[in-house]
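Student: coords please:
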Amino acid sequence: MATRLKSKGRANFLTEYIATKKITTELQLQSALDYVKSHPVDPVDVAAFEEACGVGVVVTPEQIEDAVEEVINQYKQDLLQKRYHFNTGMLMGKARGKLKWADGKAIKNEIDMQILDLLGPKTDADKEKPVKAKAAKSGKDNVPKKLAKMVNAAEDEGSGASMNGEETRSLMEQLRGHAVNFHKTGENYKTEGYVVTPMTMELLKEHVKAVGGKVWTRFPPEPNGILHIGHAKAINFNFGYARANGGVCYLRYDDTNPEKEEEKYFTGIREMVEWLGYKPWKITHSSDYFHELHALAVELIKRDQAYVCHQKLEEIRGHNPPPSPWRNRPIQESLRLFEDMRKGKIAEGEATVRMKHIMEDGKVDPVAYRIKFTPHHRTGDEWCVYPTYDFTHCLCDSLENITHSLCTKEFQARRSSYYWLCNALDVYCPVQWEYGRLNLYYTVVSKRKIVKLITEGIVRDWNDPRLFTLTALRRRGFPPEAINNFCAKVGVTMAQVTIDPSLLESCVRDELNLTAPRAMAVLEPLKVTITNFPSDKAIDIDVPDFPAEPSKGSHKVKFGKTIYIEKTDFKENMEKGYRRLTPDQPVGLRHAGYVITLESMVKDEKGEVTELKVKCQKADMAEKPKAFVHWVSEPISCEIRLYERLFKHKHPEDPEEVPGGFLTDCNKDSLTVIPAALLDASVKGAKVYDKFQFERIGYFSIDPDSKPDKLVFNRTVNLKEDAGKNV
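Tutor: I've put the predicted structure just below:
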């Protein structure tokens, strides 16, 4: 009781009922606690309270006997058939339903007695354990426990549809994670730590009416940088939770810092939200509410809950600043000075408005307004005072009637400030819920550090495919559905999680395996001339886009006298276990229906093989080869960029793991450019961001650097490891 009731008066109220034995059972106590929490306004309606928790209700033994007899008769035939193997818990539940406040032990004893009277003593057969029918074992039964969660997650995901289509319950349920404990709309007061004031219930009534009883959330990024993989989790949670509950989600730009905001960030954020498959219900800006926020700041000063302070920002940083000598200045003086700040009569840095409140982390009197003589992206020169996050965030949530203010764990220290400010102004107070942010090993996502990587020339820009910004992942070829499924697998929990990028890559492979058509490409070409080619000109070969599902379509490729294979698919000297082309070992050509056998080699002055002369034979007439290789004929030339991890260590920002700093941890071989790879001509008309599986190599996406006469491909991910791939 002490942990659930923060009000001392209400705890004393309940204690009196327990001490006088008006409340004697756990069920009564639980009902009493539920009533008190769901009726937060004093005074407590004693009559309604006592009715809700059964005070004064007496259940006689005769009532128990009659109720149990009625239930036994209802299930008499099943009892006679199953005897003591019948589930008596169901009988207990039915009887309790008829006599809510009866003593549980008394009901249980009466059930046992009436069953004994009906069935008689237990026989030897009754004492034997019932034989359970064995279910057929699935492959999952043999999966080690360590992998079971991933198997389950993959199966759940497999039953769901794409996020861009009509999403299904399983995906939304994964996204909701910890959210099953969230309050229902309008029941904010039932949340642990929520502060109830005399105005709360009336404000909640108005709020429920405004939102129509639905869930309203918001995604509130600062428009001063590019979104990264952590934001994908926030987008999925805010938009996904609203969608799963039939609600709506705002995209609200937190544009209160005019020095760092640029148009490209506004458009880039919206583009990424929509790329992930979500459409904001409304797009708003914190700056939309500058007039309302200013009026609320004036009201806060009038209520003596804020004041104008002249301490420098350097003085009040941290958790132990010197007390402000201006904390108790007269209200009218603070109002006059705040007006002078607004009119530009006070220099930048010479005054702030501070709130009279101590935050959860011990920070005293956080700043509400500061002076900045910087034109705002949207409001121009209208304002020279701008609200801080601590002042703006909760009040914008209130103004927009947000039901669930979802944010990452680092904002937990601001929760008490969030509630305090709304209640200090007597405005509707949403509930702030925190969840653990998503981090990945082998990466940095800080704006400052990414800018450093760009200025040092280590990466090209914010969308360099080696980064984990969303624009970079899109450029590399990661499908939005894969990112959403990754967020669903990770789930939304209170714990901070750091995930290996391999899980994200696994989600990408799963998606591309279903959606990326196949093509053949040769990265290191070796010319092959077929001396007995069966035609005077090239033959058109029909190649399925998805070999496992031929019904999904096909494309034509040329098969001529001259083809190109990978250099690694030929060895002059046979090695143990090698299964591809050698002087003594033929190899099959994928999709062509032919097997080739070496006749001779052409070498350059260095002794390196530059061309192979081979004979071909139809596959159905030749001995089955040990392997089939991909090839191209009459190909187009393209540039291919192969990416590896940008950082060598899991925690590139950790000074213990990387003493020299994250820049020293960069992998110099993270990008390999192949300027003249050969590709079958079927992809010639592909567009930017189109995706393909290059058979036996990996998944690739067309880069925006592509030109009509020269396509550029980024390797998205390798194919799954195959035991026979490299032999």
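
Student: Just to check, residue 387 is in contact with residue 256?
Tutor: Yes: using Cβ atoms under 8 Å, residue 387 is in contact with residue 256, at 5.5 Å. The way it works is simple: take the backbone N, C-alpha and C, and place the C-beta from them, glycine included.

Student: Could you tell me which residues touch both of these two?
Tutor: residue 286 (Cβ atoms under 8 Å, 6 or more residues apart in numbering).

Student: which outside residues touch the helix or strand hosting residue 510?
Tutor: Element membership for residue 510 (DSSP states H and E) is helix 501-515. By Cβ under 8 Å, 6+ apart, the surrounding residues in contact with helix 501-515 are 150, 154, 229, 440-443, 468, 477-479, 481-483, 485-486, 489-490, 645, 691, 693, 699, 716-717, 719-720.

Student: Averaged pLDDT, the next helix or strand after that helix. What do you get?
Tutor: Using DSSP H and E, the next helix or strand after helix 501-515 towards the C-terminus is strand 518-519. Averaging pLDDT along strand 518-519 gives 96.

Student: got it, and stretch 453-460?
Tutor: 95.

Student: Pull stretch 700-716 out as PDB, backbone CA atoms only.
Tutor: Output in PDB follows, covering the C-alpha atoms of stretch 700-716 (Å, rounded to 0.1, in the frame of the first residue of the first chain):
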ATOM      1  CA  PHE A 700      23.100  -4.100 -54.700                       C
ATOM      2  CA  SER A 701      21.300  -0.800 -55.200                       C
ATOM      3  CA  ILE A 702      21.700   1.900 -57.800                       C
ATOM      4  CA  ASP A 703      23.400   5.000 -56.500                       C
ATOM      5  CA  PRO A 704      22.300   8.600 -57.200                       C
ATOM      6  CA  ASP A 705      25.700   9.200 -58.800                       C
ATOM      7  CA  SER A 706      24.600   7.100 -61.700                       C
ATOM      8  CA  LYS A 707      24.400   8.500 -65.300                       C
ATOM      9  CA  PRO A 708      22.500   7.200 -68.300                       C
ATOM     10  CA  ASP A 709      25.700   5.800 -69.800                       C
ATOM     11  CA  LYS A 710      27.300   4.600 -66.500                       C
ATOM     12  CA  LEU A 711      25.400   3.000 -63.700                       C
ATOM     13  CA  VAL A 712      26.800   3.000 -60.200                       C
ATOM     14  CA  PHE A 713      25.900   0.300 -57.700                       C
ATOM     15  CA  ASN A 714      26.300   0.200 -54.000                       C
ATOM     16  CA  ARG A 715      26.700  -3.200 -52.300                       C
ATOM     17  CA  THR A 716      23.900  -3.300 -49.700                       C
END
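
Student: Could you number the chain from 34 rather than 1 from now on?
Tutor: Understood, numbering begins at 34; the last thing we discussed is stretch 733-749.

Student: how about that stretch: buried residues?
Tutor: For stretch 733-749, the neighbour count (16 or more other Cβ atoms under 10 Å) marks 733-736, 739, 744-749 as buried.

Student: quick one: contacts of the strand or helix carrying residue 114?
Tutor: Per DSSP H and E: residue 114 is located in helix 109-115. With contact meaning Cβ under 8 Å, 6+ apart, helix 109-115 is reached by 105, 119, 148, 151-152.

Student: Drop anything exposed from the residues you listed.
Tutor: The buried subset of these - by 16+ other Cβ under 10 Å - is 105, 119, 148, 152.

Student: Take the residues you listed and keep only those in helices.
Tutor: 105, 148, 152 (DSSP state H).

Student: Now do the strands in the stretch 384-533 of the chain.
Tutor: Assigned by DSSP state E, counting those that start in this stretch, the stretch 384-533 of the chain shows strands spanning 385-388, 400-404, 418-420, 437-441, 464-468, 471-473, 530-532.

Student: which stretch among these comes nearest residue 47?
Tutor: For those, the distance to residue 47 is smallest for strand 464-468, at 24.6 Å, taking Cβ to Cβ.

Student: just checking, what packs against that closest one?
Tutor: When contacts are defined as 3 or more Cβ pairs under 8 Å, 6 or more residues apart in numbering; DSSP states H and E, strand 464-468 sits against strand 437-441, helix 448-457.

Student: The closest residue to residue 476 other than its chain neighbours: what's it in contact with?
Tutor: Of all residues not flanking residue 476 in the chain, residue 501 sits nearest, at 4.8 Å (Cβ to Cβ, 6 or more residues apart in numbering). Shown in contact with residue 501 (Cβ under 8 Å, 6+ apart): 261-262, 473, 476, 478, 534.

Student: repeat that for 7 Å
Tutor: 261-262, 473, 476, 478 (Cβ atoms under 7 Å, 6 or more residues apart in numbering).

Student: Which pLDDT value goes with residue 760?
Tutor: In this model, residue 760 carries a pLDDT of 41.

Student: cool, residue 755 as well?
Tutor: 40.

Student: Over to residue 206?
Tutor: Reported pLDDT for residue 206: 57.

Student: Check residue 592 too.
Tutor: The per-residue pLDDT reported for residue 592 equals 96.

Student: what bridges to it?
Tutor: residue 572 (DSSP bridges).

Student: so it makes contact with residue 625?
Tutor: Yes: counting by Cβ atoms under 7 Å, residue 592 does reach residue 625; the two are 5.3 Å apart.

Student: quick one, which of these two is more surrounded?
Tutor: Set residue 592 next to residue 625 and count neighbours by other Cβ atoms under 10 Å: residue 592 wins out with 25 against 20.

Student: how much space between the more buried one and residue 557?
Tutor: 20 Å (Cβ to Cβ, to the nearest Å).
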